[in-house]
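>>> Dropping a prediction and its sequence here:
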Amino acid sequence: MKKAVVTIVAIVALGWGIALGNDVRDVALSSSVSVGADIPVLKVYFAEPIEEDKKPILEEIREQISKEIAEAIKAERKEQEKDKYSSYLTNVERWGVSPVSREAIPLGIICPEDAKYPTNILAVYKTKKTDIKAWEKDYEKDVLTVSETVNVSPKEAEKLINRLSAAGYTINKQEADKDAPVKLLWFKEWTDTRPEELNWEVTVEGSDESILIGYDPRGILLVKPIPENTDGKLKRVHVKAGYFDLAEKPKAKELIDLEQKYKDLEEKYKEDTKKKAEPKEKRDIQKATFFDVMIGKVKLERFWVRTAASGVFIGSTTVKEEQTAWLGSGVQAVYNKRKSMVLTNAHVAEMGMPGKLEVYISKDKEKMWLVFQGYMNVRYNPDSDMYGTPAQILAIDDGLVYAWDFDCAVLATSVVPQYEQYRAILGDSDKVKVGDKVLVAGNPMLMQGYLTSGIISKINYSILDSILSDSWLGEGISRGEYNWCKHSNIWYDATIGIGGTSGSGVTAASGSEEGKLIALHNMGMVSRYSLAGDPNKELKGVEFDPGTLSSNPTADQKIIDLLRGKRDEVFKDYPYRTAKHSINLKELSDDAFESAMRRTMHAHEVSGMNGAIPINLIAAYLQERGIDTRKLGWKGLGDVHWMK
């Protein structure tokens, strides 16, 4: 491998960043840049639902009739509720009934299960006088008793008592004829002037005297205490009572017709099911070919996704010939050119990974999303052009300066000589202590130049040290992902925001490393995106015709194989500069696309916490990749490292 040498403009430093006449806040903000990307996305999907997924017309009719029957039955039941039971009481008489209580006989033991029991029943006696004075004290008590019993006003209760008195009844035992048995009067309504006297009675075996003394509207006959036999059991009784029986009512003709229609359709449906051919093989969008597109079976739609993260400007370099990646790798040759270098996370730089094509399939395999390599850019401040300055991953000795283990990468972009003085100086993260103040500059929600402060809350502590890591490890993670978690071990409480903050610089605001970059933020909230499609069609993308490709596709060529490496051709007439970002991702509601975007950005949710990669780990990697870190303010790896 050729030896890589990077020449970086030196800076005369007196306290590094603060020697420029700026305080720590200016140093942190001025070195922070926005790293953005316009990501081309292609949606591939079947134009029409598969035939097997369409409901047969017969089944639709069947479901409709079922609904009609259900509605008709509901209406019929509602109608029958009005007079579900007979209007007149059905008499029932039973001998030899075994009492379940000494002073109560439930009608349920002699009446059918679906019986309904009368409620407006009043227990009265035959009177020995018919003239009752309204001012008599007992009369006043009777009025209150009746009022409470039948739940009517005292005035209505007084009317009821007067009617009973006129008919020769009383509710007062003292006014009754001597040994007068209790009589039950049934009122269809309490206002009835002619209640029906019920011939109900309860007698004990061996006696003709009725022991009935009252009635509970829940369907319970109240009786005098029932005597016991010599064996201690209650004597059997003879019960004579009544109940409301169900009224037989024929079904409505409409319901009968519907049920017959349902039966006929059911038979037809069974025959149709038997004749139905075996279901065809389930379609898989991954197997779609150019021919499928030609005949309109498969459609292609193009979208643009704009997203942005953060980065830190670390100086300029002349990229020499030996630092040029082999053109076959898809990395553009930039040797003998001076380039500015921006340090960011590997998971941010991956948006512009050369030759990238990620495929995401929906669960039903009816559609897929192809995510191509993004067009990356760097914006130095909020006033920069919205499309920024084009950038790419720096390549040295045919390899990208890109490390998933340390979640870091270096982007090469156009040199801005006037910006050189604002580069960040790398500190020594080993000297950082818990409680040290820090500043974090980044770009939450694609809004540039935000600064937050906080303190170091934990050092040398990995997510893997938490018992919560069992869930991640249980799912199985790669060696690179494991190292990513292990090396993200500086924690601080400066909440930088949601989305776009990956790659933010963490600058020491106190201690020996004040004004220097001591870590690279790489853990935060979920990233957010904006989506551009066809502005004239709601939630639609710009369609693409693969027949316009220069490769002359064959009819049996699969879409995935056909489009691999064809990003520029696919989006030639739909460049990101013309894209209108007007689609709300929540409205799209596509699990495969959401998965695609989360994987593309490698978003990791760590709610309420902020994590970062120590700058010493990153600087060590950069030194091993041929970058002279001494010119970046970092002394470099010592003998201890090389003798491991």
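Here it is on my side, so go on.
>>> Just the pLDDT for Lys276.
With respect to pLDDT, Lys276 scores 56.
>>> Not counting its own residues, what contacts the helix or strand containing Asp568?
Of the helices and strands defined by DSSP states H and E, Asp568 is found in helix 567-570. For helix 567-570, contacts defined as Cβ atoms under 8 Å, 6 or more residues apart in numbering pick out 40, 42, 302, 357, 372-373, 544, 548-550, 563. C-beta: built from backbone N, CA, C; applies to glycine.
>>> So which of these are in strands?
40, 42, 302, 357, 372 (DSSP state E).
>>> pretty sure Leu258 contacts Ser66?
No. Leu258 lies out of contact with Ser66 (Cβ atoms under 8 Å); the separation is 9.4 Å.
>>> Where do the domain boundaries of the protein fall?
As assigned by automatic domain parsing, the chain contains the domains 7-48+289-642, 55-77+250-275, 85-243.
>>> Is it possible to get a markdown table of these that adds distance to Lys282 and mean neighbour count?
Formatted as a markdown table, the domains of the chain follow (distance: least, Cβ to Cβ, whole Å; neighbours: other Cβ atoms under 10 Å):
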| stretch | distance to Lys282 | mean neighbour count |
| --- | --- | --- |
| domain 7-48+289-642 | 7 | 19 |
| domain 55-77+250-275 | 17 | 13 |
| domain 85-243 | 52 | 15 |
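>>> In a markdown table: these, plus distance to Arg283.
Output for the domains of the chain, formatted as a markdown table (distance: least, Cβ to Cβ, whole Å):
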| stretch | distance to Arg283 |
| --- | --- |
| domain 7-48+289-642 | 6 |
| domain 55-77+250-275 | 18 |
| domain 85-243 | 55 |
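>>> least reliable of these going by mean pLDDT?
domain 55-77+250-275 (a mean of 67).
>>> Please report how far Lys233 lies from Trp95.
Using Cβ to Cβ, to the nearest Å, Lys233 is found at 17 Å from Trp95.
>>> For Gly296, give me its contacts.
Ala47.
>>> Next up, phi/psi of it, please.
Backbone torsions of Gly296, given as degrees, to the nearest 10, read phi 80, psi 10.
>>> Is it correct that Gly565 is in contact with Leu370?
No. Judged on Cβ under 8 Å, Gly565 makes no contact with Leu370 at a distance of 11.6 Å.
>>> So for the two, which residues contact both of them?
Leu357.
>>> My guess is Val97 contacts Val239. True?
Yes. Using Cβ under 8 Å, Val97 is in contact with Val239, at 5.2 Å.
>>> Common neighbours of the two, please.
With Cβ under 8 Å, 6+ apart as the test, Val97 and Val239 both reach 105, 110.
>>> can I get the ones in strands among the contacts of helix 567-570 in CSV with distance to Glu569?
As requested, these are exported to CSV (distance: Cβ to Cβ, whole Å):
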residue, distance to Glu569
Pro40, 11
Leu42, 12
Arg302, 12
Leu357, 13
Phe372, 11
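>>> Which single one of the residues you listed is nearest to Leu89?
Nearest to Leu89 among these: Leu42, at 79.6 Å, using Cβ to Cβ.
>>> how about that closest one, what does it touch?
Leu42 is in contact with 300-303, 369-370, 372, 541, 544, 563, 570, counting by Cβ under 8 Å, 6+ apart.
>>> Which one of those residues is nearest to Ala403?
Ala403 lies nearest to Phe372 out of those, by Cβ to Cβ, at 23.1 Å.
>>> could you measure the closest one against Asn610, distance?
Distance from Phe372 to Asn610, by Cβ to Cβ: 31 Å.
>>> Kindly report the same for Lys159.
Counting by Cβ to Cβ, the gap from Lys159 to Asn610 is 82 Å.
>>> Would you verify that Ile226 is located in a helix?
No. Looking at Ile226 with DSSP: H, G, I helix; E, B strand; the rest coil, it is coil, so not inside a helix.
>>> Surely it is in contact with Ser207?
No. With contact taken as Cβ under 8 Å, Ile226 and Ser207 are classed as non-touching, separated by 10.8 Å.
>>> Just the strands from the stretch 401-550 of the chain, written as ranges.
Using DSSP state E, counting those that start in this stretch, the strands found in the stretch 401-550 of the chain span residues 402-403, 408-414, 437-442, 450-458, 490-492, 505-508, 517-523, 530-533, 542-543.
>>> For those, give me CSV that also has distance to Pro575.
As requested, the strands of the stretch 401-550 of the chain are arranged in CSV below (distance: least, Cβ to Cβ, whole Å):
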stretch, distance to Pro575
strand 402-403, 26
strand 408-414, 19
strand 437-442, 28
strand 450-458, 30
strand 490-492, 40
strand 505-508, 31
strand 517-523, 31
strand 530-533, 11
strand 542-543, 11
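>>> what's the closest of the ones you listed to Asn91?
strand 530-533 (78.7 Å).
>>> tell me what that closest one is packed against?
Counting contacts by 3 or more Cβ pairs under 8 Å, 6 or more residues apart in numbering; DSSP states H and E, strand 530-533 packs against strand 298-319, strand 580-583, helix 585-588.
>>> Nearest to Asp23, out of the ones you listed?
Comparing the helices and strands packed on strand 530-533 by Cβ to Cβ, strand 298-319 comes nearest, at 17.7 Å.
>>> got the CA coordinates for that closest one in PDB?
The C-alpha trace of strand 298-319 is given here as PDB (Å, rounded to 0.1, in the frame of the first residue of the first chain):
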ATOM      1  CA  VAL A 298     -45.300  -2.600 -12.400                       C
ATOM      2  CA  LYS A 299     -44.900   1.200 -11.800                       C
ATOM      3  CA  LEU A 300     -41.900   3.200 -10.800                       C
ATOM      4  CA  GLU A 301     -42.000   6.500  -8.900                       C
ATOM      5  CA  ARG A 302     -39.200   8.700  -7.900                       C
ATOM      6  CA  PHE A 303     -38.800  10.700  -4.700                       C
ATOM      7  CA  TRP A 304     -36.200  12.900  -3.200                       C
ATOM      8  CA  VAL A 305     -35.500  12.900   0.500                       C
ATOM      9  CA  ARG A 306     -33.600  15.800   2.000                       C
ATOM     10  CA  THR A 307     -31.900  15.300   5.400                       C
ATOM     11  CA  ALA A 308     -29.000  16.900   7.200                       C
ATOM     12  CA  ALA A 309     -26.800  16.200  10.100                       C
ATOM     13  CA  SER A 310     -23.700  18.000  11.600                       C
ATOM     14  CA  GLY A 311     -19.900  18.000  11.100                       C
ATOM     15  CA  VAL A 312     -16.800  19.800  12.400                       C
ATOM     16  CA  PHE A 313     -14.400  21.600  10.000                       C
ATOM     17  CA  ILE A 314     -10.800  20.400  10.800                       C
ATOM     18  CA  GLY A 315      -8.700  22.100   8.200                       C
ATOM     19  CA  SER A 316      -7.600  21.800   4.600                       C
ATOM     20  CA  THR A 317      -5.400  19.300   2.800                       C
ATOM     21  CA  THR A 318      -3.800  18.700  -0.600                       C
ATOM     22  CA  VAL A 319      -5.000  15.300  -1.700                       C
END
